[in-house]
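Participant: Sequence plus the predicted model coming up.
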Amino acid sequence: MLTPSFTVAQDDDFVTVVLKCPYVKSRDFEFFVDGCIFKFHVSPYFLRLTFPCPVCEDGRESATYDISAGTITVRLPKQEKGQFFPHLDLLRTLLDPSMSRAAASTGEAPPAHNPVHAPLDQPAAMTRRPLIEEDDDDAEDADVDWLLPQELPDEPVGPKFGFNNSHCGSMAHLRELLGDVVDVLDLERQTPAARRELRTALENAKFDEDHYMSDFINDDEIKSIIKFKPESWAALKRMQANRQAAADGGQGPLARPDLLDSWLEFTESERDQIIRLPRRKPLIGGESSETRTLFLGLVDILFAYCYDYRVTEGDHNVESGWTISKLSGTLSCFETFTSLRDAVYCGVRRSLAYPLYRHIELSSRVLEDVVVLFKLGRHAIIRSLLSIKKILQSSGEYHALDRLYIEDYCLWTLDPRQCRDQDIRSLASELNHLKVDKATVGWPLVELESLAREIAADPDDDDDPHGERQ
């Protein structure tokens, strides 16, 4: 039996399932409803969904077949009129009964009032007032302390790597595939602490003072990149306005607490990606420290993605696979972060050492992009991960990193039981309040900028940093 492509929507009275079943006979299909369970069959297709809340058969249910479109639309009455069914667009949760029950138990609405008034179009400054102001309730109630540093084990842990260190084995094949991206080549004999030391040393060796000064002075193109507004920023503004309208009593017939902007809706291509993900659960032990480490790795990966998205203005190119992989310490060095500060500083440092454009204000704006994604929530993060997955799969050898990390991250974020909404909001708050000072990045950026200004002011100085890029 084949699983058909499908979408699920809702209003106050009905849950609507639209199934793509071309070239079938309309008289042959049948469906069955039992509480939260929905089953559909028409040869050669079969679909079983578990909704987070019950539907019923009371005579109002219906099914229609659009021959030209090849779609079957099934309308199922809600057992309780007006009840909101959370996470219906996370299609994998509907295919897995346990995940759907978790979605029901975690389908909480975020606060109706969101006191976010900081303008999104002001220049970036890494030590200024946070981009997004919010109540601290989520941060206080969260189970995870994002800023508490942890000790890395000194004992050899063997060749473990990948999502939640769930992969092991010989690195020889990966070195052959990813030699130009992976910096840690002797993983079999390196502890996590040793990987970090090596990563830091390689970043220090790669940092080019002349390149940094040149970009600091010749920054016209970089300023244009910094001014670019990703669609996510506009989506956040609209979502905040929608929440404010709901708080003022202007909400529509059905409040959507988990999805308040059309930009967050999955596209048909993204829905197809979700359906085609393997039906397995990532290996998570359930410890809060594991969840914390996974979230920190997610911050690092999204920083690399947001850098590429901003530099290409959303039009990813053939270099995007390299850029994302190289700028992420998780993907390039199999890094395991122990604090939020470490994860953020890793992205900032690598964005100043490896790519074409190296400017601290650009890195600062990229960090704001990451904050916006976390503030938008689960759907924005999933859309970004699906985009990374597509980029890596189309980038030749980089598909190995998709298998090691991104695919499992997609599965993890799609499961509201493992990747909880309150943790996402808590991390968004901590990211928003994190202050990154360029004086503590690890390189003399303040002195280099001062020297660059002096050189620019003296055109007769032969020691001009405006050389070719390395």
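Facilitator: Thanks, I have the structure now.
Participant: which other helices and strands contact the longest helix along the chain?
Facilitator: Looking across the chain with DSSP state H, the single longest helix is helix 288-311. Counting contacts by 3 or more CB pairs under 8 Å, 6 or more residues apart in numbering; DSSP states H and E, helix 288-311 packs against helix 320-327, helix 329-333, helix 340-353, helix 360-376, helix 378-393, helix 407-414, helix 421-433. (Glycine included, C-beta is placed from N, CA and C.)
Participant: and the shortest one, what other elements does it pack with?
Facilitator: Contacts defined by 3+ CB pairs under 8 Å, 6+ apart place helix 329-333 against helix 192-206, helix 288-311, helix 320-327, helix 340-353.
Participant: rerun at 10 Å
Facilitator: With contacts defined as 3 or more CB pairs under 10 Å, 6 or more residues apart in numbering; DSSP states H and E, helix 329-333 has these neighbours: helix 192-206, helix 288-311, helix 320-327, helix 340-353, helix 399-401.
Participant: Looks to me like Asn317 is in a strand.
Facilitator: No. Under DSSP: H, G, I helix; E, B strand; the rest coil, Asn317 sits outside any strand and is assigned coil.
Participant: Give me the pLDDT for Glu430.
Facilitator: The per-residue pLDDT reported for Glu430 equals 95.
Participant: quick one: buried residues of the longest helix of the chain?
Facilitator: Using 16 or more other CB atoms under 10 Å as the test for burial, helix 288-311 gives 291-311.
Participant: if we can go back for a sec, format the helices and strands packed on helix 288-311 as JSON lines; extra columns: distance to Arg453 and mean neighbour count.
Facilitator: JSON lines is the format used below for those (distance: least, CB to CB, whole Å; neighbours: other CB atoms under 10 Å):
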{"stretch": "helix 320-327", "distance to Arg453": "27", "mean neighbour count": "24"}
{"stretch": "helix 329-333", "distance to Arg453": "31", "mean neighbour count": "27"}
{"stretch": "helix 340-353", "distance to Arg453": "18", "mean neighbour count": "23"}
{"stretch": "helix 360-376", "distance to Arg453": "14", "mean neighbour count": "24"}
{"stretch": "helix 378-393", "distance to Arg453": "37", "mean neighbour count": "22"}
{"stretch": "helix 407-414", "distance to Arg453": "42", "mean neighbour count": "22"}
{"stretch": "helix 421-433", "distance to Arg453": "31", "mean neighbour count": "22"}
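Participant: Now distance to Arg189 too, for those, in TSV please.
Facilitator: Conversion of the helices and strands packed on helix 288-311 to TSV gives the following (distance: least, CB to CB, whole Å):
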stretch	distance to Arg189
helix 320-327	23
helix 329-333	15
helix 340-353	22
helix 360-376	33
helix 378-393	27
helix 407-414	25
helix 421-433	33
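Participant: quick one: the most centrally placed residue in the chain and Gln422, what's the gap?
Facilitator: Centroid-nearest residue in the chain, with CA atoms, centre = their mean: Ile381, separated by 3.0 Å. Between Ile381 and Gln422 the distance, using CB to CB, to the nearest Å, works out to 14 Å.
Participant: With Gln83 instead?
Facilitator: Shown here: Gln83 relative to Gln422, a distance of 22 Å by CB to CB.
Participant: averaging pLDDT over each of the helices and strands packed on helix 329-333, which comes out lowest?
Facilitator: Looking at those, the weakest mean confidence is helix 399-401, a mean of 87.
Participant: right, and the helix or strand after the lowest-mean-pLDDT helix or strand in the chain?
Facilitator: Using mean pLDDT, DSSP states H and E, helix 137-141 stands out as the lowest-scoring helix or strand of the chain, at a mean of 48. The helix or strand immediately downstream of helix 137-141 is strand 160-161, counting by DSSP states H and E.
Participant: Partner strands of that next one and their direction?
Facilitator: Looking at strand 160-161 with DSSP bridges, its partner strands are strand 167-168 (antiparallel).
Participant: returning to what we had before: for the residue nearest to the centre of the chain, what are its contacts?
Facilitator: Residues near Ile381 by CB atoms under 10 Å, 6 or more residues apart in numbering: 298, 302, 370, 373-374, 409-410, 413, 419, 424.
Participant: again, only using 7 Å
Facilitator: Ile381 makes contact with 373, 413, according to CB atoms under 7 Å, 6 or more residues apart in numbering.
Participant: Also Arg279?
Facilitator: By CB under 7 Å, 6+ apart, the contact set of Arg279 is Leu95.
Participant: what about it, helix or strand, and which?
Facilitator: Using DSSP H and E, Arg279 maps to neither a helix nor a strand.
Participant: how near is it to Leu49?
Facilitator: Computed with CB to CB, the distance linking Arg279 and Leu49 is 14 Å.
Participant: intersection of neighbour lists for the two?
Facilitator: Contacts common to Arg279 and Leu49, judged by CB under 7 Å, 6+ apart, are Leu95.
Participant: quick one: which of the helices and strands packed on helix 288-311 is nearest Gly162?
Facilitator: For the helices and strands packed on helix 288-311, the distance to Gly162 is smallest for helix 407-414, at 7.5 Å, taking CB to CB.
Participant: hmm, back to that, quick one: which of the helices and strands packed on helix 329-333 is nearest Gln393?
Facilitator: The nearest among the helices and strands packed on helix 329-333, by CB to CB, is helix 399-401 at 5.1 Å.
Participant: can you give me the offset of that closest one from its chain's centre?
Facilitator: Remark: helix 399-401 is offset 17 Å from the chain centroid, using CA atoms, centre = their mean, to the nearest Å.
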